[in-house]
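Colleague: Pasting the sequence and the predicted coordinates here, then a few questions.
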Amino acid sequence: MTKPPLTLYLAAPRGFCAGVDRAIKIVEMAIEKWGAPVYVRHEIVHNKFVVDGLRDKGAVFVEELTECPDDRPVIFSAHGVPKSVPAAAQAREMIYVDATCPLVSKVHIEAQRHADNGLQMIMIGHAGHPETVGTMGQLPDGDVLLVETVEDVAEVTVRDPEHLAFVTQTTLSVDDTTDIVAALHDRFPAIVGPHKEDICYATTNRQEAVKAMAPKCDAMLVVGAPNSSNSKRLVEVGARAGCAYAQLVQRATDIDWRALDGITSMGITAGASAPEVLINEVIDAFRDRYDVTVEMVETAVENVEFKVPRVLREPA
C-alpha cells in the first residue's frame, strides 16, 4: 500500500539549549570525578528520558537537600535554587556543584542588585515552578511579589510604587510577558526593568521558529515534558500562530494518530530540555506511516556555550 505524502516542517533551533547541555555535562563529569552515587536536588532538567539516563549512570534524584547524605556530592538543578540551599550545604560541609543556568543566575544577581538599591521586586513567573521558587528565594520571604497574568498586576499591593523593579522567569511566552510588562509600566510608571526581558535566547528563538512554522502546518507536535515550562509555551505559541492542532508529546509512543488523520503537513519542534534522539524517534514514526519530505524552518543559528564549573575541570 502506498503511503500518503506528508511535508514535515522541522523547526530550527529546537531541543537542547546551552544551559541544559551544561547541566547534563555537570552531572556526568561529577559521576566521573567522584564516582556514584552523586545526588541531584530536583530533576537536573525537565525531561524523563534525560533523568532516567543519568540515573542509570549513578545519579540519585531527590527533592530536598535533607534527603542527601553529608559525604556525597550534590548538584543543584539548572532551574536554580533559593539562597538557603547552598547555605545549608555549606553548613553541612558538603561538596556541592551549582548547575544553575548562567542566564538564570543573571536574573538572581539582578534581583539582588535591585533589592540592595532599596527597590521592592515583582517577579513575572509561574507559581511553584522551580525557577520561580529559586529566584524568589534569593531575597527574604515576602520581598518578591509574584504576578502570573495581566489581571494579577491590577491587584498586586506594593510598599511604594516609586521604588519597584521587575524580573521575569526565563522560559515564559515572549508575547504574554510583553503584555504583563506593559501592564506593570501602565500601573507603576517608575518601575525599573531589565534592558531586555529576562526570557532567555533559547526560549525566544524556539518560539520564533514555531511562529514561522505554524501557519504552514495542519498540525504541530512539541517534543517535551509535561512539567517543562518552555515546552508548554511552544504549544501555546503554535496554536496562537495559526496551527489548528498543537500538542505536547514526551516521545513517539504518545502520538495520537487518529487526531492526525488526513493531514498533509506537520510541524515538529522540541523544548530546550528534549534530546535530539527523541525528535528523531518522532520523525521515524512519521516515516513509517507517510511518504515524508522534510523541510527545515530555520529562524536563528545558535552557537552559545557555557563552561562547566572549575571544580569539575580540576583533577580529583
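Modeller: Yep, it's here.

Colleague: Next, residue 161: phi, psi?
Modeller: phi -60, psi -10 (degrees, to the nearest 10).

Colleague: which ones are touching it?
Modeller: If a contact means CB atoms under 8 Å, 6 or more residues apart in numbering, then residue 161 has 187, 188, 190 as its contacts. C-beta: built from backbone N, CA, C; applies to glycine.

Colleague: Of the residues you listed - the most surrounded one?
Modeller: In terms of neighbour count, residue 188 stands highest of the contacts of residue 161 at 20 neighbours, by other CB atoms under 10 Å.

Colleague: Quick check, it in contact with residue 158.
Modeller: Yes: the pair residue 188 / residue 158 is scored as a contact, 7.2 Å apart, by CB atoms under 8 Å.

Colleague: Between those two, which contacts overlap?
Modeller: By the contact definition CB under 8 Å, 6+ apart, residue 188 and residue 158 are jointly contacted by residue 164.

Colleague: related to what we said a few turns ago, can you lay out the contacts of residue 161 as CSV showing distance to residue 36, pLDDT and secondary structure?
Modeller: Formatted as CSV, those follow (distance: CB to CB, whole Å; pLDDT from 0 to 100; DSSP: H, G, I helix; E, B strand; the rest coil):
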residue, distance to residue 36, pLDDT, secondary structure
187, 52, 98, helix
188, 50, 98, coil
190, 53, 97, coil
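
Colleague: Could you dump these into TSV and include distance to residue 130?
Modeller: Output for the contacts of residue 161, formatted as TSV (distance: CB to CB, whole Å):
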residue	distance to residue 130
187	28
188	27
190	31
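
Colleague: And those residues, which is closest to residue 233?
Modeller: Nearest to residue 233 among the contacts of residue 161, counting by CB to CB, is residue 187 at 24.4 Å.

Colleague: which secondary structure elements does the helix or strand of the chain with the lowest mean pLDDT contact?
Modeller: Least confident helix or strand of the chain, by mean pLDDT, DSSP states H and E, is helix 310-313 with a mean of 92. Under the contact criterion of 3 or more CB pairs under 8 Å, 6 or more residues apart in numbering; DSSP states H and E, helix 310-313 touches helix 18-34.

Colleague: Buried ones in the helix it packs on, by neighbour count?
Modeller: Neighbour counts over helix 18-34 (16 or more other CB atoms under 10 Å) mark 18-24, 26-31, 33-34 as buried.

Colleague: tell me the helices in the stretch 51-200 of the chain, going along the chain?
Modeller: 84-91, 102-116, 130-136, 150-155, 174-187 (DSSP state H, counting those that start in this stretch).

Colleague: Convert the third one to CSV, retaining C-alpha atoms only.
Modeller: As requested, C-alpha coordinates have been extracted for helix 130-136 and formatted as CSV (Å, rounded to 0.1, in the frame of the first residue of the first chain):
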residue,chain,number,x,y,z
PRO,A,130,11.5,25.6,40.5
GLU,A,131,13.0,28.6,38.6
THR,A,132,10.5,31.0,40.2
VAL,A,133,11.0,29.4,43.6
GLY,A,134,14.8,29.8,43.2
THR,A,135,14.7,33.4,42.0
MET,A,136,12.2,34.5,44.7
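
Colleague: ok, residues contacting that helix?
Modeller: Taking CB under 8 Å, 6+ apart as the rule, helix 130-136 contacts 42, 77, 79-82, 100, 104, 107-108, 111, 123, 125-126, 144, 146, 167, 169-171, 229.
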